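Engineer: A structural model of the following input is requested.
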Amino acid sequence: MSELRRAPLPALLDRIEQVQALDRMVEPVEQFVRRVPEGVRRGLHGVAWSGAPLHPALVHVPLGSWVAASVMDAAHRPDAARSLTVLGVLAAVPTAVAGWSDWVELRSYEHKRIGVVHAGAIAAGLVLYTGSIAARCAGKVRLGQRLGLAGLAAVSVAGAIGGDLVFQRGANVNCDKRA
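Structural biologist: Below is the predicted model:
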């Protein structure tokens, strides 16, 4: 398919795959994650005990919470929105840990580069959602709502990047039971 006919996100990720400067982020993160004992990483990966990676299943809890928080904001239920935002942030922690367990097993540096961009978008979303919680707790509900919507945009972009990484680029698609 010609470059002109490529959708914007895959075309951008094609370029990101080639950015060797991202290796300065990939290498230290990989060293850090590999310090986690292999048995723990395998458990967090999920394939050995469930037959499928854990990260994609866990993603539904924070994303569902954040989407529901936006619905509650639209329904003028700020307390429910705040509670769902908090739930999403808390659920993002084990989701991220499972994601890093998957990421460290990627064989391709190109895929790892895209993975750190995916994680960066998630981190931006978490910062925005944390700001949303702080604003809501301070009584600045409108600001909290705006930060929540910006957070939802960030994690949506992250989800699109993760989806492209797996479904278009085949990252870790053929995980065996040992992974």
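Engineer: what about the longest helix in this protein?
Structural biologist: helix 109-137 (DSSP state H).
Engineer: could you find the closest non-adjacent residue to the spatially most central residue of the chain?
Structural biologist: In the chain, the residue lying closest to the centroid (C-alpha atoms, centre = their mean) is residue 122, at 4.5 Å. Distances taken as C-beta to C-beta, 6 or more residues apart in numbering put residue 158 closest to residue 122, at 4.5 Å, once the chain neighbours are dropped. Bear in mind the C-beta positions are built from the backbone N, C-alpha and C, glycine included.
Engineer: list the buried ones in the worst-scoring helix or strand of the chain on mean pLDDT?
Structural biologist: Lowest on mean pLDDT, DSSP states H and E among the helices and strands of the chain sits helix 47-50, with a mean of 80. Buried residues in helix 47-50, defined by neighbour count with 16 or more other C-beta atoms under 10 Å: residue 47.
Engineer: would you pull up how far that helix lies from the middle of the chain?
Structural biologist: 21 Å (C-alpha atoms, centre = their mean, to the nearest Å).
Engineer: hmm, back to that, helices or strands next to the longest helix of the chain in the packing?
Structural biologist: Under the contact criterion of 3 or more C-beta pairs under 8 Å, 6 or more residues apart in numbering; DSSP states H and E, helix 109-137 touches helix 8-17, helix 23-34, helix 78-103, helix 141-163.
Engineer: for residue 52, find the nearest of those helices.
Structural biologist: helix 78-103 (11.1 Å; C-beta to C-beta).
Engineer: residue 149 is in contact with residue 129, correct?
Structural biologist: No: the pair residue 129 and residue 149 does not pass the contact test of C-beta atoms under 8 Å, sitting 10.4 Å apart.
Engineer: the more surrounded of those two?
Structural biologist: For residue 129 versus residue 149, the count of surrounding residues by other C-beta atoms under 10 Å is larger for residue 129: 27 against 16.
Engineer: how about the more buried one, what does it touch?
Structural biologist: Residues in contact with residue 129 (C-beta atoms under 8 Å, 6 or more residues apart in numbering) are 66, 85, 88-89, 147-148, 151.
Engineer: one more pass at 6 Å, please.
Structural biologist: The contact partners of residue 129, by C-beta atoms under 6 Å, 6 or more residues apart in numbering, come to 85, 89, 151.
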